[in-house]
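Chemist: What shape does this take:
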Amino acid sequence: MAGPLPQTLARGSGTPSDKKLAEGDQAYLGGDYAHALAAYSAASELAPRDPAPLVGIARSLLAEHDVPSGVNAAPGNETAREAVTHLRAAVRLDPSFAPAQLELGRTLLVLGELDTARGPLEQAARLAPGDPEAQSAHGIAQLLNGERGGAAASLAKAAELDPNNADRQANLGTALLQAGRGGEAITAYRRAVELAPEVAVYRTNLGTALLQANDPKGALTHLEKAVALEPQRATVHNNLGYALLLRGERARAMAAFEKALALDPKLASAWINLGNAFAQEGKRAEARNAYEKARALDPEDPRVEAALKDLEELERAPK
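Modeler: As a prediction, the model looks like this:
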């Protein structure tokens, strides 16, 4: 089985083009992206049928212009589209060159072109079965396209190949949770927290998974830690409040919801949760006000209509 893809593009052949590739690799890894771009461009002129320089050009362009990574991180970005042009050319030159397929798929994900990214990433995973990034990127594309079972398998492979990478464990946990395998998801999230205990999102992921498993007590520790790590993120306060509400600690829960809304008044789920807390206290007018604010923010959320219906039934009930 092929191992991980090399970070560098030079092959050590000693040809003039390969020497330029090596120069580009060194500059790229050293953060001198303009120099890397020039070297890779020179390599492409010396070996116009080699896909490797085109991959280097694309990488350098993305890095030099600080194009953000991540799914849908830069929709419509002109530099990313230019990189895609180079990467498509590289794939046409050699469809079996795994780095070209991988970089093409990842860049399409950055542009938000999820359907289009699927093919190149599937090819990258097939061509480089031992590369954790190829398996991971393919799994993320599968997850985004609704292929939950396939995503879990790909992301499990990525985590197996790179067991000490917290991101791989967290991505696996998300895929497992969406596939309805909550217990396994909790195990993966726990591993992510063990590897990176000071990353708030891993704590939040684990806490919300424990909430779904009806373990608010277990969730509370991780959600409180997430709030301590990221006190300015509204969603972590909202998640903490939900756990507290399930535990019957309404006063603390309401304080958490109010903090979330102070940070983000447009967080509809926090308005719903706050309304539920008011309803539990018998404060129906305050509950209705909170639900109406949630409905104004997200008219399609079925939770709002369900909550308002329950409230109306309470209001009609004999006193």
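
Chemist: what's residue 280 in contact with, if anything?
Modeler: Residue 280 sits next to 245, 250 when contact means C-beta atoms under 8 Å, 6 or more residues apart in numbering. All C-beta spots, glycine's among them, are computed from the backbone N, C-alpha and C.

Chemist: what's the answer for residue 27, then?
Modeler: Contacts of residue 27 by C-beta under 8 Å, 6+ apart are 33, 35, 36, 39.

Chemist: how far away is the third one from residue 133?
Modeler: Separation of residue 36 from residue 133 (C-beta to C-beta, to the nearest Å) stands at 20 Å.

Chemist: neighbour-wise, which of the two wins?
Modeler: Neighbours were counted for residue 36 and for residue 133 using other C-beta atoms under 10 Å; residue 36 has more, 25 against 19.

Chemist: Can you show me the helices along the stretch 1-150 of the chain?
Modeler: 16-29, 33-46, 51-64, 78-93, 98-110, 114-127, 132-144, 148-161 (DSSP state H, counting those that start in this stretch).

Chemist: element containing the closest residue to residue 152 other than its chain neighbours?
Modeler: Nearest non-adjacent residue to residue 152, counting by C-beta to C-beta, 6 or more residues apart in numbering: residue 175, 4.3 Å away. Assigning secondary structure by DSSP states H and E places residue 175 in helix 166-178.

Chemist: now for the following helix or strand past that helix, which elements pack on it?
Modeler: Remark: after helix 166-178, the chain's next helix or strand is helix 182-195, criterion DSSP H and E. Applying 3 or more C-beta pairs under 8 Å, 6 or more residues apart in numbering; DSSP states H and E, one finds that helix 182-195 contacts helix 166-178, helix 200-212.

Chemist: Report the distance from the last one to the chain centre.
Modeler: This points to helix 200-212. Put simply, helix 200-212 sits 14 Å off its chain's centre (C-alpha atoms, centre = their mean, to the nearest Å).

Chemist: can you list contacts of that helix?
Modeler: Helix 200-212 has contacts (C-beta under 8 Å, 6+ apart) with 166, 170, 173-174, 177, 182, 185-186, 189-190, 192-193, 196-197, 216, 218-223, 225-226, 229-230, 233, 235-236, 239-240, 242-243, 246.

Chemist: again, only this time at 7 Å
Modeler: With contact meaning C-beta atoms under 7 Å, 6 or more residues apart in numbering, helix 200-212 is reached by 166, 170, 173, 177, 182, 185-186, 189-190, 192-193, 196, 218-219, 222-223, 225-226, 229-230, 236, 239, 242-243.

Chemist: and that helix, what's its mean pLDDT?
Modeler: Confidence for helix 200-212, expressed as mean pLDDT, is 95.

Chemist: tell me the angle that helix makes with helix 182-195.
Modeler: Per axes from the mean of the first three to the mean of the last three C-alpha atoms, to 10 degrees, the angle that helix 200-212 makes with helix 182-195 is 150 degrees.

Chemist: what packs against the helix or strand bottoming out on mean pLDDT in the chain?
Modeler: Ranked by mean pLDDT, DSSP states H and E, the weakest helix or strand in the chain is helix 302-316, scoring a mean of 83. Applying 3 or more C-beta pairs under 7 Å, 6 or more residues apart in numbering; DSSP states H and E, one finds that helix 302-316 contacts helix 268-280, helix 284-297.

Chemist: Deepest-packed of the ones you listed, please.
Modeler: Of the helices and strands packed on helix 302-316, the one with the most neighbours on average (mean count of other C-beta atoms under 10 Å) is helix 268-280, at a mean of 24.

Chemist: Can you give me the distance of residue 62 to residue 197?
Modeler: 31 Å.

Chemist: between these two, which one's more packed in?
Modeler: residue 62 (23 against 13).

Chemist: Now for the closest residue to that one other than its chain neighbours, how many residues are close by?
Modeler: Closest residue to residue 62 apart from its sequence neighbours, by C-beta to C-beta, 6+ apart: residue 83 at 5.3 Å. Neighbours of residue 83 under the rule other C-beta under 10 Å: 29.

Chemist: ok, residue 83 touching residue 107?
Modeler: Yes: contact criterion C-beta atoms under 7 Å: residue 83 and residue 107 qualify, at 5.3 Å.

Chemist: So for the two, which residues contact both of them?
Modeler: Contacts common to residue 83 and residue 107, judged by C-beta under 7 Å, 6+ apart, are residue 58.
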